[in-house]
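# predicted coordinates and the sequence they were generated for:
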Amino acid sequence: MKRLSLLTLIFAVLSLVFFILLVFLRIDFPLYPLMSYQDAIDLLTPLVLIPIYWLLFQSLASERPRLSGEIIFIILAGLWVMGHGMHLAANSIDNLIDALAKDQIINLKTTDVYTLTYFYDEHLSHVIRDIGIVSLAALLIYREWRHPVGAQTVWWQAILGAILYGFTYFSTFLEGQTVALGLPFAFLVVAFGFLTGIRHLGKRPVLAFLLFAGWGLYWGGFPQFSDVGLI
């Protein structure tokens with residue numbers, strides 16, 4: 001089914017938009033100026049991406065999922081949404097605290113309020129969400145491997161999707177300070193792709209692994225984009 005190649009491309013494009021490009025919309029939201037357009041649009045992220053995860057879960061195997069598989073999917077999707085929701089709220093408050101301090105209105109950065117907000121924003125939410133990301137990916141890969149659908153690959157869609165999602169995956173785990181989770185998973189999936197058949201490698205995060213490796217070698221570690229002045 002050519003539909004599967006198109007669906008993976010759509011997923012890659014929307015992941016890039018919601019995880020990466022929204023950062024450029026930190027502009028006051030007219031209906032509630034304490035929020036930004038980034039915050040308002042980010043509310044839609046799980047409503048858009050989780051249904052596509054579900055469509056992929058249903059479409060990439062030749063057999064209908066069992067009840068146990070559907071329950072596992074729901075649990076992992078819930079983990080993903082919990083992490084995203086926590087990050088959305090905490091990141092919005094963190095941005096407001098930064099703006100108040102920058103405008104010399106009030107500096108909350110020395111308070112426990114900021115410490116707790118930063119913990120939710122930059123640590124706990126990223127860990128929960130990114131565990132959800134790799135777990136859902138592992139579930140989709142396992143389901144495809146056990147019950148291959150034999151779909152005809154539209155290569156330009158598969159390659160473009162791999163490039164876009166590879167960059168999104170790399171950027172998400174780098175900025176989320178969860179490279180210790182994202183890098184080993186990317187390596188294991190690439191290795192799994194080689195072991196189970198190189199013809200399927202276009203569906204694996206090869207680019208993400210190469211980007212992680214190149215970034216780590218260049219910087220001697222894994223600093224965030226903001227740490228090296230790129231954003």
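In hand now; what should we look at? Residues are numbered from 1 along each chain as shown.

# buried ones in stretch 30-37?
For stretch 30-37, a neighbour-count test (16 or more other Cβ atoms under 10 Å) marks 35-36 as buried. Just so you know, the C-beta spots here come from the backbone N, C-alpha and C atoms, and that holds for glycine as well.

# who's in contact with it?
Residues outside stretch 30-37 that contact it (Cβ atoms under 8 Å, 6 or more residues apart in numbering): 25-29, 40, 92, 95-96.

# name the helices or strands packed onto the top helix by length along the chain?
In the chain, with assignment by DSSP state H, the single longest helix is helix 67-102. Judged by 3 or more Cβ pairs under 8 Å, 6 or more residues apart in numbering; DSSP states H and E, the packing partners of helix 67-102 are helix 37-42, helix 45-59, helix 112-119, helix 125-146.

# how distant is the second one from the center of its chain?
Average the C-alpha atoms of helix 45-59, do the same for its chain, and the two points are 13 Å apart (Cα atoms, centre = their mean, to the nearest Å).

# list the helices and strands it packs on?
Against helix 45-59 (3+ Cβ pairs under 8 Å, 6+ apart) you get helix 2-19, helix 67-102, helix 125-146.

# okay, those in JSON lines with mean neighbour count and distance to residue 187 next?
Converted to JSON lines, those look like this (neighbours: other Cβ atoms under 10 Å; distance: least, Cβ to Cβ, whole Å):
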{"stretch": "helix 2-19", "mean neighbour count": "18", "distance to residue 187": "20"}
{"stretch": "helix 67-102", "mean neighbour count": "17", "distance to residue 187": "21"}
{"stretch": "helix 125-146", "mean neighbour count": "19", "distance to residue 187": "12"}
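
# turn those into CSV, including distance to residue 46.
Below are the helices and strands packed on helix 45-59 laid out as CSV (distance: least, Cβ to Cβ, whole Å):
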stretch, distance to residue 46
helix 2-19, 9
helix 67-102, 5
helix 125-146, 10
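
# out of those helices, which is closest to residue 156?
helix 2-19 (8.7 Å; Cβ to Cβ).

# ok, and what's touching that closest one?
41-42, 44-45, 48-49, 52-53, 55-56, 59-60, 149, 151-154, 157-158, 160-162, 164-165, 167-168, 171-172, 203.
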